[in-house]
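Enquirer: what's the 3D shape of this:
(chains A, B, C and D)
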Number of protein chains: 2
Amino acid sequence: MTVTVENTHAPTSLNLTPSRRAVLDIVKSAGRPMKAYDILSKLQEVIKHAKPPTVYRALDYLVTNHVLHRVNNQNAFMHCQQHVECSKQQEERVSILFSCQLCGAVIENANHSLTAIIKQMTGSLGFKSDADMVECSGVCQDCR
Amino acid sequence: MTVTVENTHAPTSLNLTPSRRAVLDIVKSAGRPMKAYDILSKLQEVIKHAKPPTVYRALDYLVTNHVLHRVNNQNAFMHCQQHVECSKQQEERVSILFSCQLCGAVIENANHSLTAIIKQMTGSLGFKSDADMVECSGVCQDCR
DNA sequence: TGCATTTAGATATAATATAACATACAATAG
DNA sequence: CTATTGTATGTTATATTATATCTAAATGCA
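Expert: Residues are numbered from 1 along each chain as shown, chains lettered A, B, ... in the order given. Got it, this is the predicted structure:
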């Protein structure tokens, strides 16, 4: 079973400058992954002089701080919606993004078994995951 | 424990036209993920008139047929080096790519537990993985 | 105040990928 | 054989995604 909890990866304080705040709001309110240049279009409604670097800098900051995820198989960015088996557990957990190549929907999930096996594999390889996240590309139920 | 076996995902017969063969050889002999335009440069040493579509078409074919993997977090392509816990098992298995963001090295791995948990998650979501593959970005042992 | 650090503006361009249309070629049904 | 179909390729142009570079403003703080 999988339940939704707050994002425990996010830092307690973020430096949300106007452009970062605006980019975050745009992506968050979309409720689905958004492309950088679609974000830029929206951003320009608010910050007229916004340019590609404006967006990419804000995205870098928000992804680095685990507020947004980069969905690599879509070149897109989505709001983090962490899930975990038990919100009381303080263990670091590994989330998985199931990304639909047809409609673009992404389901973010996590559970203890997945975390355990990924930690075991990364541990034995000496590999340090940079987002405690794995990504899986496919087709969602609705699109099949 | 993880051991190397032949690629059981690959079809028994491939239509390896000259450009597909050449692209495959280039990526295979590189022994690491290669970018499309680096492949193109190499390809043009053999097929002078090769253009971006030449490469992308060959890559599409080879990825679709599970001979190459697309490494999404690097926009790169690598030769499939399937691993599985036991080569006798005929079950479909899920591989994982651990991709180093510093040196570009990718370790391909698989084991029974990972396959089981991913299959369970995709099953309960009605999600159909298009490559039986998950991807994990981070930093490898050598780079730490 | 003066200095270091972080953030943002602005221009240009690099890097990645596909659209669109024409051509060739092989397999095979009529 | 020849018409048709499906697949693969050639070619040009362009779309999409992302970053480099340089300047300047804002911020924190010794």
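
Enquirer: which SS class is residue A:14?
Expert: Secondary structure, DSSP: H, G, I helix; E, B strand; the rest coil: residue A:14 is coil.

Enquirer: what count of nearby residues applies to it?
Expert: 15 (other CB atoms under 10 Å in any protein chain shown). (Each C-beta comes from the backbone N, C-alpha and C, glycine too.)

Enquirer: and it, its phi and psi?
Expert: Dihedral angles of residue A:14 (phi, psi; degrees, to the nearest 10) stand at phi -120, psi 150.

Enquirer: give me the pLDDT value at it.
Expert: We have a pLDDT of 90 for residue A:14.

Enquirer: that one is in contact with residue A:67, isn't it?
Expert: Yes - in this structure, residue A:14 is within contact of residue A:67 by CB atoms under 8 Å, at 6.7 Å.

Enquirer: pLDDT at the closest residue to DNA strand C within chain A, what is it?
Expert: Nearest residue of chain A to DNA strand C, counting by CB to the nearest atom of the strand: residue A:17, 2.6 Å away. pLDDT, residue A:17: 96.

Enquirer: equivalent analysis for the one 5 residues further on, please.
Expert: Predicted confidence (pLDDT) for residue A:22: 98.

Enquirer: ok, how many other residues are close to residue A:75?
Expert: 13.

Enquirer: isn't it right next to residue A:36, touching?
Expert: Yes - with contact defined as CB under 8 Å, residue A:75 and residue A:36 form a contacting pair (7.4 Å).

Enquirer: check contacts around the closest residue to residue A:70 other than its chain neighbours.
Expert: Once flanking residues are discounted, residue A:70 sits nearest to residue A:63: 5.3 Å by CB to CB, 6 or more residues apart in numbering or on different chains. Residue A:63 sits next to A:69, A:70, A:77 when contact means CB atoms under 8 Å, 6 or more residues apart in numbering or on different chains.

Enquirer: need the residues you listed in JSON lines with secondary structure, pLDDT and neighbour count, can you?
Expert: What follows is the contacts of residue A:63, written out as JSON lines (DSSP: H, G, I helix; E, B strand; the rest coil; pLDDT from 0 to 100; neighbours: other CB atoms under 10 Å in any protein chain shown):
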{"residue": "A:69", "secondary structure": "strand", "pLDDT": "97", "neighbour count": "25"}
{"residue": "A:70", "secondary structure": "strand", "pLDDT": "97", "neighbour count": "22"}
{"residue": "A:77", "secondary structure": "strand", "pLDDT": "98", "neighbour count": "25"}
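
Enquirer: domain-wise, how is chain A divided?
Expert: Domain segmentation of chain A under automatic domain parsing yields A:18-79, A:82-143.

Enquirer: out of those, which gets nearest to DNA strand D?
Expert: domain A:18-79 (3.8 Å).

Enquirer: the closest one: end-to-end distance?
Expert: 17 Å (CA to CA, to the nearest Å).

Enquirer: touching DNA strand D at all, that domain?
Expert: Yes - Domain A:18-79 comes into contact with DNA strand D (CB under 7 Å from any atom of the strand), by way of A:35, A:36, A:37, A:51, A:52, A:53, A:56, A:60, A:75.

Enquirer: figure out the helix or strand that the third one lives in.
Expert: The reference is to residue A:37. Counting by DSSP states H and E, the element that carries residue A:37 is helix A:36-46.

Enquirer: could you say what helices and strands that helix packs with?
Expert: helix A:18-30, helix A:52-64, strand A:76-79 (3 or more CB pairs under 8 Å, 6 or more residues apart in numbering or on different chains; DSSP states H and E).

Enquirer: pLDDT of that helix, averaged?
Expert: 98.

Enquirer: what angle do it and helix A:18-30 make?
Expert: 110 degrees (axes from the mean of the first three to the mean of the last three CA atoms, to 10 degrees).

Enquirer: just the C-alphas of helix A:36-46, formatted as CSV.
Expert: The C-alpha trace of helix A:36-46 is given here as CSV (Å, rounded to 0.1, in the frame of the first residue of the first chain):
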residue,chain,number,x,y,z
ALA,A,36,11.0,24.4,-19.8
TYR,A,37,9.7,26.6,-22.7
ASP,A,38,6.1,26.1,-21.7
ILE,A,39,7.1,27.3,-18.3
LEU,A,40,8.8,30.2,-19.9
SER,A,41,5.7,31.2,-21.8
LYS,A,42,3.7,31.2,-18.7
LEU,A,43,6.4,33.0,-16.8
GLN,A,44,6.5,35.8,-19.4
GLU,A,45,2.9,36.6,-18.5
VAL,A,46,4.2,37.6,-15.1
